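Chemist: Dropping the sequence and predicted coords here.
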Amino acid sequence: MPGEGYDWDNAAFANHLARFILSGFKESLFTKRFYNRLCNEFSCIAHYNKHGFWETFFTTTADQLRFLKMLADPPLGAYDPIELVVGRWVRQEGLIARYAAQLAQETEARERLQLAALKQKYEEPAASEAPALVAATPPLPPTPSFVVAPPPPPPATRPRRSGPSRPTSAGQQLTLF
């Protein structure tokens, strides 16, 4: 519906946005009415629908951090007071630093899990496990040695077969194959 979402005054919209952010981007607060107003603020107009907007900005901590950075730094020439006020609020609350720290913790935890899995897979087994592993592993077959043979000789020319002959214009006979 055209204009849907604009029946909020700036203060009500800003308060709802703050509540949404402080809730950790709770999906139940991301209503159609809120989306309709939000997608027309902060240079967010290029998103096609509510679900695409949600998946772009709110499904991961990295996405949420990108959204907060977008709010904190309104584009040059922003004249909408709501953009300026919300940007100042995001910076004053230290939201970018909080989400950046959370993202760093998540990244480190994920990487440590990967490291542990890779160590388990590739590092040498403990001394107590080594004999059992060696005994259970069959020996490798010897590496074959390859001998490079000289190239084969070029094919010999085939002898002509004799076949029926026919006369040429000069009266000579040609042999056909």
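Modeler: Looks like it came in fine. Residues are numbered from 1 along each chain as shown.
Chemist: how long is stretch 28-48 end to end?
Modeler: End-to-end span of stretch 28-48 (CA to CA, to the nearest Å): 20 Å.
Chemist: Flag every buried residue along whichever helix or strand residue 86 is part of.
Modeler: Using DSSP states H and E, residue 86 sits in helix 81-93. Residues of helix 81-93 classed as buried: 82, 83, 86, 87, 89, 90 (neighbour count, 16 or more other CB atoms under 10 Å). All C-beta spots, glycine's among them, are computed from the backbone N, C-alpha and C.
Chemist: all strands in this structure, in order from the N-terminus.
Modeler: Secondary structure of the chain by DSSP state E: the strands cover 165-167, 173-175.
Chemist: still on that earlier bit, generate CSV for the buried residues of helix 81-93, with pLDDT and distance to residue 38 as supplementary columns.
Modeler: Below are those laid out as CSV (pLDDT from 0 to 100; distance: CB to CB, whole Å):
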residue, pLDDT, distance to residue 38
82, 88, 10
83, 89, 11
86, 92, 10
87, 92, 14
89, 95, 15
90, 96, 14
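Chemist: residues contacting residue 8?
Modeler: When contacts are counted by CB atoms under 8 Å, 6 or more residues apart in numbering, residue 8 touches 16, 33, 37.
Chemist: of those, the lowest pLDDT goes to which?
Modeler: Of all the contacts of residue 8, residue 37 has the smallest pLDDT value, namely 90.
Chemist: can I assume that residue is in contact with residue 12?
Modeler: No. Here residue 37 lies out of contact with residue 12, judged by CB atoms under 8 Å, at a distance of 9.5 Å.
Chemist: for the chain, which spans come out with low pLDDT?
Modeler: 1-7, 45-47, 78, 125-149, 157-177 (pLDDT under 70).
Chemist: In it, which helix is the longest?
Modeler: Secondary structure assigned by DSSP state H gives helix 95-122 as the longest helix of the chain.
Chemist: Can you name every helix or strand that it contacts?
Modeler: helix 61-72 (3 or more CB pairs under 8 Å, 6 or more residues apart in numbering; DSSP states H and E).
Chemist: And the contacts of the helix it packs on?
Modeler: 21, 25, 42-44, 56-58, 83, 86-87, 90-91, 95-96, 99-100, 102-103, 106.
Chemist: Sort out which residues of that helix are buried, please.
Modeler: In helix 61-72, counting by 16+ other CB under 10 Å, buried: 61, 63, 64, 65, 67, 68, 70, 71, 72.
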